[in-house]
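Participant: dropping a prediction and its sequence here:
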Amino acid sequence: MADHNALPLVILAEKFASLPGIGMKSAQRLAYHVMSMDRTQVEDFAQALINAKDNVHRCSVCQNLTEREVCPICSDDSRDKSVICVVESPKDVTAFERTREFGGVYHVLHGLLSPMDGITPDKLRIKELLARIADGGVEEVIMATNPTVEGDATALYIANLLKPLGLKVSRLAFGLPVGGILEYADEVTLYKALENRNDM
């Protein structure tokens, strides 16, 4: 923002700009919008941020974000616990749940393998996945990582760990565009990708 703007407003815009997908122009609009809100609205907004940060954590089973010890999906007895859909982030769980077609459970890795960025297997929630499988009852693992170099490398790495265990390991069919991001895919595309998944 220009030098003629108040410093607190500049700092606020910079904080918005540090969020993914928010450029400086959008950040400036958000900062000006906050200034047009009354104090109660601003306090409610700030409290919502703090509450989310303080009360949301990883599910002890699937690593998805929840405010409970075990998330609603993992604690739902109607879900098929024999099928685990492995995804990169909690946003991907939300995308699949919008389809209303997947009846299994999830496992969130919280990232993808990327040695260049220092993201190695120990930085992902792979050991938690292996522990779930060791508990028994799992028959199929669907690798639902994005169809990118990192997504493919992660899927292949995990598939190689799981195949000796005698599990069916499948990969989403490429109804999704290569280089695409799951959270932006429409429900029909995600459903078709699930329906046409292939063995690895």
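Facilitator: Yep, that arrived. Residues are numbered from 1 along each chain as shown.
Participant: which parts of the regular element (helix or strand) spanning Tyr32 are buried?
Facilitator: Under the criterion DSSP states H and E, the helix or strand holding Tyr32 is helix 24-36. Across helix 24-36, burial judged by 16 or more other Cβ atoms under 10 Å covers 27-28, 30-31, 34. (Each C-beta comes from the backbone N, C-alpha and C, glycine too.)
Participant: the chain - how does it break down into domains?
Facilitator: Here the domain parsing of the chain from automatic domain parsing is 7-55, 65-199.
Participant: so where's this protein uncertain?
Facilitator: 1-4, 174-176, 178 (pLDDT under 70).
Participant: what residues sit buried inside the biggest strand by length in it?
Facilitator: In the chain, assigned by DSSP state E, the strand with the most residues is strand 80-87. Residues of strand 80-87 classed as buried: 81, 83-87 (neighbour count, 16+ other Cβ under 10 Å).
Participant: which residues outside the next helix or strand after that strand are in contact with it?
Facilitator: Following strand 80-87 in sequence order, the next helix or strand is helix 90-99 (DSSP H and E). Residues from elsewhere that reach helix 90-99 (Cβ atoms under 8 Å, 6 or more residues apart in numbering): 64-65, 73, 85, 87, 102, 106, 108, 144, 182-183, 185, 187, 190-191, 194.
Participant: change it to 6 Å
Facilitator: 64-65, 87, 102, 106, 108, 182-183, 187, 190-191 (Cβ atoms under 6 Å, 6 or more residues apart in numbering).
Participant: now the strands for this protein?
Facilitator: 57-58, 65-66, 80-87, 104-108, 140-143, 168-171, 198-199.
Participant: any chance of these in a markdown table, with distance to Leu161 too?
Facilitator: Formatted as a markdown table, these follow (distance: least, Cβ to Cβ, whole Å):
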| stretch | distance to Leu161 |
| --- | --- |
| strand 57-58 | 21 |
| strand 65-66 | 25 |
| strand 80-87 | 11 |
| strand 104-108 | 13 |
| strand 140-143 | 10 |
| strand 168-171 | 9 |
| strand 198-199 | 16 |
